[in-house]
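**Q** Sharing a sequence plus its predicted fold:
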Amino acid sequence: MVLEVAILTIIQGQQANFERDYQTACQYISASKGYIKHSLQKCVEKDNQYILLVEWETLEDHTITFKESSLFKEWEKLLHHYYDPFPTVEHYINL
């Protein structure tokens, strides 16, 4: 299992729109091969910052299978215009 971790900073004032569109976008990521589960957490100190955690079976399920799919294009269309700056995404494994 690989954990994708993304810190999402949303353009100030767009949080409600982002949260609405995120709910729609969830159908695309959850339909991808190798997807296990995900969660989105909102920062207490910064009202426009979130952390996205996604569990994948393998790194390639995220970086290749999902990122090169039509499902990702829909995810991107719904969410990517909210980010400023664009998020850093890192992957972690259990030891």
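**A** Structure received. Since this is a predicted model, take the numbers as computed values, not measurements.
**Q** Next secondary structure element downstream of the helix ranked longest in the chain?
**A** Across the chain, the longest stretch assigned as helix under DSSP state H is helix 15-30. Next helix or strand after helix 15-30 toward the C-terminus (DSSP states H and E): strand 35-42.
**Q** To which secondary structure element is the residue positioned nearest the centre of the chain assigned?
**A** For the chain, residue 52 is the residue whose C-alpha lies nearest the centre (CA atoms, centre = their mean; 5.1 Å). In the assignment (DSSP H and E), residue 52 maps to strand 49-56.
**Q** That strand: partners in the sheet, and parallel or antiparallel?
**A** strand 2-9 (antiparallel), strand 35-42 (antiparallel) (DSSP bridges).
**Q** Next, format these as a markdown table and append mean pLDDT, distance to residue 20 and mean neighbour count.
**A** For glycine as for every other residue, the C-beta is placed from the backbone atoms N, C-alpha and C. Shown next, in a markdown table, are these (pLDDT from 0 to 100; distance: least, CB to CB, whole Å; neighbours: other CB atoms under 10 Å):
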| stretch | mean pLDDT | distance to residue 20 | mean neighbour count |
| --- | --- | --- | --- |
| strand 2-9 | 98 | 15 | 18 |
| strand 35-42 | 98 | 12 | 13 |
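**Q** can you redo those as a markdown table with distance to residue 85?
**A** Output for those, formatted as a markdown table (distance: least, CB to CB, whole Å):
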| stretch | distance to residue 85 |
| --- | --- |
| strand 2-9 | 6 |
| strand 35-42 | 18 |
